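J.: Fold the following for me, if possible:
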Amino acid sequence: MRKWWPLAAICLGTFMLLLDVTIVTVALPAMATDLGTSLSELEWVVDTYALALAALLLGVGSRADRIGRRKVYLVGLVVFTAASVACAVAPTAGVLIGARAVQGIGAAGMFGTTIALLGMHYGGRDRGVAFAVWGATNSVAAAAGPLVGGLLTQYLDWRWIFFVNLPVCLAAVAMTLLSVRESKGQGRQRADVLGTVAFTVASGALTFGLIRAHSDGWTTPFTLGLFGTAAVALALFVVAETRHEHPVLDLSLFRRPSFTGIMTGALFLQGAAFAYLLYESLWMQSVLGYEPVEAGLYLLPMCASAFVVSALAGRFGPWLPRATIGGGLALIALGSAMQAGLDAGSSGGSLVAGLVVAGLGVGLVTPSLSAAALATVPPERGGMVGGAVNTFRQLGFALGIAVFGVIFQSRIESVLRADGGVPDPHGAAVALSGGQARSVVAGLPEGDRDAMAHLVREAFASGLNAVLVVAAALGAVASLVVVATVRVPAGGTEQRRPAPPGPAADAALETGKSG
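T.: Model prediction:
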């Protein structure tokens, strides 16, 4: 059994870093009450972590190649653990957001080295088992976050969603020290600092601009400045990648239809499957009055169905990428659409069937993405591609949160404005979408409360329906792109079927770079 200890150490760290992407969703109303946050600040609590993780994944692998992947994984674990404690004791929303960014930096060190470490420790059939278990860990961690967050928030306090990381991460550190061997890439490459910084600025400015747009307006100088900064930084990133000898992302890979299709699936996966959970949690707790655990239990079916299919998909999915990735994204689209029929009288039970279907899609897609992407390129590009898949996934989640926030608040404001009885529709929409529905209703004269409560339920349901329809559209588009472009490749070509994992694949992954 000792041969599986490295897998356990890597999966333990992976589980915690991915759990922290979604664990905060059910705790957000409690945070809003305790810290007095707005919707923009709530979004940043989620987004700043995902953005830091996405922005640094492309560059962290190349650094790990030079100084050691095990070392980078361990440093990431320590930084993630320390930042989790800082999140737990944060006195203000600003401190919490900053600590979440540092948490994301640590998570990038962990996530950016996992594929290379697994590839070094396991070969042949063992590699298939290892990647199946790792893929199942990916699926379950993201989907289980709301339930775990609900349990900790209701029975302890929202701060415990961060305190719980401490013992688990310390166990992962000990297991890594005892069982994981050091691994370095071949040669010493000059780091692509400009490309990494430009990508970080572009993704951060774009997300920040989207979040500020629905609170400050689309045409304010600050919002336009953020979008302009994102455009300039993106152009600089493209120039840097085309000129650097060892770019963090070789843009020529996008000439391969299969690679482009898989990256599109990775980008849309997290946004279509998970970004709307934040708004469903706000609806169930601030409007329907559910306790955190009850809200988490309604989201549990996604976790359960993802777990059921993820191990099987991780074992066989990489050899049938169009079926697993394209079909899984189609199921995610269908699941989102099935939830988009809410009205003022709906309850959390209205979400369950759609969440089950979406979870089946998550279980199919998640374990297959990395292995399928690795098969579309030559072996020496393997590490770069593994980092790119994870980067696109987390960037899709961060952008999904921001885009859905614009849609959600705008739709709520539109319903309130159409009613005509709300003096300040924009201000009310900001308060409602920030989880303050009860306070808004309680502050009204007693005779107006019932009518306002009904209007709030109607507005929230309408906003959530709009978000779910867009999520369904994203999943459907991604599914069509994958089906149209992805072919089962072998050895970096797009004509032949890949062989199952074996000695040749072992050598290929061993020589691949991780950044």
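J.: A helix includes residue 247, no?
T.: No - according to DSSP: H, G, I helix; E, B strand; the rest coil, residue 247 belongs to no helix; its state is coil.
J.: Tell me if I'm right that residue 267 and residue 390 touch.
T.: No - applying CB atoms under 8 Å as the test, residue 267 and residue 390 come out as separate, 11.4 Å apart. The way it works is simple: take the backbone N, C-alpha and C, and place the C-beta from them, glycine included.
J.: can you map out the helices along the stretch 201-350 of the chain?
T.: 221-243, 257-273, 277-282, 292-316, 321, 327-339 (DSSP state H, counting those that start in this stretch).
J.: And the third one, what does it pack against?
T.: Translated: helix 277-282. When contacts are defined as 3 or more CB pairs under 8 Å, 6 or more residues apart in numbering; DSSP states H and E, helix 277-282 sits against helix 28-35, helix 39-67, helix 292-316, helix 382-419, helix 446-485.
J.: which regions of the stretch 1-150 of the chain lie under the pLDDT threshold?
T.: 1, 38-40, 61-62, 65, 139, 142-143 (pLDDT under 70).
J.: which of the helices and strands packed on helix 277-282 sits most buried?
T.: helix 39-67 (a mean of 26; mean count of other CB atoms under 10 Å).
J.: tally of neighbours for the residue nearest to residue 41 when sequence neighbours are not counted?
T.: The shortest distance from residue 41 to any non-neighbouring residue, by CB to CB, 6 or more residues apart in numbering, is to residue 93 (4.6 Å). Applying other CB atoms under 10 Å, we find 20 residues neighbouring residue 93.
J.: Check residue 254 too.
T.: Neighbour count for residue 254, taken as other CB under 10 Å: 11.
J.: do the same with the one 10 residues further on
T.: Using other CB under 10 Å, residue 264 has 22 other residues around it.
J.: What of the one 3 residues further on?
T.: Close neighbours of residue 267, defined as other CB under 10 Å, add up to 22.
J.: pLDDT score for it?
T.: The score at residue 267 is 89. That number is its pLDDT.
J.: what residues are up against it?
T.: 392-393, 395-396, 478 (CB atoms under 8 Å, 6 or more residues apart in numbering).
J.: pLDDT value on the residue nearest to residue 327 when sequence neighbours are not counted, please?
T.: Among residues not flanking residue 327 along the chain, residue 364 sits closest, at 6.2 Å (CB to CB, 6+ apart). What the model reports as pLDDT for residue 364 is 84.
J.: can you check the one 5 residues further on too?
T.: Model confidence at residue 369, given as pLDDT, is 78.
J.: State the helix or strand in which it lies.
T.: helix 352-374 (DSSP states H and E).
J.: so what secondary structure elements neighbour that helix?
T.: helix 124-155, helix 257-273, helix 292-316, helix 327-339, helix 382-419.
J.: now those in JSON lines, with distance to residue 218?
T.: Below are the helices and strands packed on helix 352-374 laid out as JSON lines (distance: least, CB to CB, whole Å):
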{"stretch": "helix 124-155", "distance to residue 218": "31"}
{"stretch": "helix 257-273", "distance to residue 218": "20"}
{"stretch": "helix 292-316", "distance to residue 218": "32"}
{"stretch": "helix 327-339", "distance to residue 218": "26"}
{"stretch": "helix 382-419", "distance to residue 218": "9"}
